[in-house]
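Chemist: Here is a sequence with its predicted model. Questions after.
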Amino acid sequence: MAELDWHAERSDLAELVPLDRSPEDGIDLVAVRTYRQARVRTEMALRGIDALILSDPVNIRYATGTRNMQVFSMRNAASRYLLLTADRSILFEFTGCLHLAEGFETVDEVRAAKTASFVAAGPHIAERECDWAAETADLITELVGSGATVGLERLNAGAAIALASHGFRIVDAQEPVEMARSIKSDEEMKCVIASLRATEIGVAMLRAAIHPGLSEVELWSVMHQSIIAQNGDYVETRLLNAGARTNPWFQEAGNTVIGPNELIALDTDVVGCHGYYADFSRTFHSGPGRPSEEQRTLYKTAYEQVQHNMSILRPGMSFRDYAEAAWDIPARYHANRYYLSAHGCGMTGEYPYLYHRGDFPDAGYDGEILPGMTLCVESYIGAEDGREGVKLEQQVLITETGVELLSQFPFEEDLLR
């Protein structure tokens, strides 16, 4: 058994043990919530938006700090929503759940949501949508006047059309919210780090559990259990694969049994403590033998890409200049490249997306890398005709002077040799 466990003998993982304190210790959550709500209101004002109706549960949580059935709400957009103006925050909560927002200084009033969905209204859906729009229009007019500019997120098409018929100028809510979320406060960063440390503990437990004969999902569940036990929320994807299923990337974890001496690649994608995203990627080796030369080459190539692209990041850099300076992907690996070079990260993946040089003309857009942004620097290396691939990713903070590394889970020494 000792031979099978060679990969778990890592002294640099010794400190990745459950914390003897709550993830909330030392964090001023009132300051976090008030900062975030002020950020949204500032971005609204910059765009002349009088009212926002937020239905994305992540954005509701960002703007208020409230949480309720987050995954359920993602597919039932009309069941819970927030109306936010320059001086009022009214949360429309799911039936029977109004008490959950008690005590939040970011919520002025809680009302029962008028669920405008087909499952709730059946054949009366159009009538329900019109009723919802009429009530919402009356409230917006009362708060900010007629003819207001209203930002909307995901809603039934019928509800959005009905609301527009009341004389409002309807705009997309994505831009002000994404721009607000992109810059973190110092207190917010404590939430990010708490989520990362909890996720790193989960990944350490997963790594220690690796041995040939486990299925991908059995191994994946080890991290899930740890995240939930530490009061994290959920894992957004199912990105853990072994052996030939590591190439190409984006194959979801399944019942495939991990074989001997295979690579195991994972992307955490954890919505963890305080709802913040812990997003780093690692690739392991199943044992009992040592990694092959090809496995080490893949790993070292991915490592080189991540290290180079972290090294060029700086405040004030344009997205276009980053793309120009980013690492050149060798031709052999170009077809299977990760679709992004880096991306923003907060309560989920977010603005901005930073593209590879070759993809920038078609997919890219310009902007500025700013202090307070948290970014995830990505690499996937796997040849189009190859058997395995390596996924690596690091999460960083852009500071006033450069870059601070946030994700601290160590890389695999035996794969870097």
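Modeler: Arrived safely. Residues are numbered from 1 along each chain as shown.

Chemist: what about the closest residue to E216 other than its chain neighbours, distance to L214?
Modeler: Setting aside the residues directly before and after it, E216 is nearest to A253 in space (Cβ to Cβ, 6 or more residues apart in numbering), at 4.3 Å. Using the backbone N, CA and C atoms, a C-beta is placed for each residue, glycine as well. A253 sits 11 Å away from L214, going by Cβ to Cβ, to the nearest Å.

Chemist: sorry, back to before: the residue nearest to E216 belongs to a helix, doesn't it?
Modeler: No. Assigned with DSSP: H, G, I helix; E, B strand; the rest coil, A253 falls outside any helix and is coil.

Chemist: for it, what are its contacts?
Modeler: With contact taken as Cβ atoms under 8 Å, 6 or more residues apart in numbering, A253 is in contact with 216-217, 220, 238-241.

Chemist: so where does K391 fall, helix or strand?
Modeler: Counting by DSSP states H and E, the element that carries K391 is strand 390-398.

Chemist: now that strand: how far from the chain's centre is it?
Modeler: Relative to its parent chain, strand 390-398 has a centroid offset of 13 Å by Cα atoms, centre = their mean, to the nearest Å.

Chemist: In this protein, which residue is most central in space?
Modeler: The centre of the chain sits closest to T348, judged by Cα atoms, centre = their mean, with a distance of 2.1 Å.

Chemist: okay but that one is in contact with Y277, surely?
Modeler: Yes. Between T348 and Y277 there is a contact at 5.3 Å, judged by Cβ atoms under 8 Å.

Chemist: Mind listing the shared neighbours of these two?
Modeler: Applying Cβ under 8 Å, 6+ apart, one finds that T348 and Y277 are jointly contacted by 236, 271.

Chemist: how about low-confidence regions in this structure?
Modeler: 1-25, 77 (pLDDT under 70).

Chemist: Based on its surroundings, how many neighbours for G167?
Modeler: G167 has 11 neighbours, counted by other Cβ atoms under 10 Å.

Chemist: how far does stretch 105-122 stretch from start to finish?
Modeler: Start-to-end span of stretch 105-122 (Cα to Cα, to the nearest Å) is 36 Å.

Chemist: and this structure, what are its domains?
Modeler: 50-172, 183-416 (automatic domain parsing).

Chemist: Select, out of the ones you listed, the one closest to R39.
Modeler: Nearest of the domains of the chain to R39, taken as Cβ to Cβ: domain 183-416 at 7.0 Å.

Chemist: Just name the most buried of the domains of the chain.
Modeler: domain 183-416 (a mean of 19; mean count of other Cβ atoms under 10 Å).

Chemist: Helices of the stretch 201-350 of the chain, residue ranges please.
Modeler: When assigned using DSSP state H, counting those that start in this stretch, the helices of the stretch 201-350 of the chain occupy the ranges 216-229, 293-312, 319-325, 331-334.

Chemist: is it possible to export the ones you listed to a markdown table including distance to T115?
Modeler: Converted to a markdown table, the helices of the stretch 201-350 of the chain look like this (distance: least, Cβ to Cβ, whole Å):
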| stretch | distance to T115 |
| --- | --- |
| helix 216-229 | 28 |
| helix 293-312 | 45 |
| helix 319-325 | 40 |
| helix 331-334 | 48 |
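
Chemist: Out of those, which is closest to I49?
Modeler: So among the helices of the stretch 201-350 of the chain, helix 319-325 is nearest, using Cβ to Cβ, at 24.4 Å.

Chemist: circling back to that earlier point, of the contacts of A253, closest to V107?
Modeler: For the contacts of A253, the nearest to V107 is R238 (33.7 Å; Cβ to Cβ).
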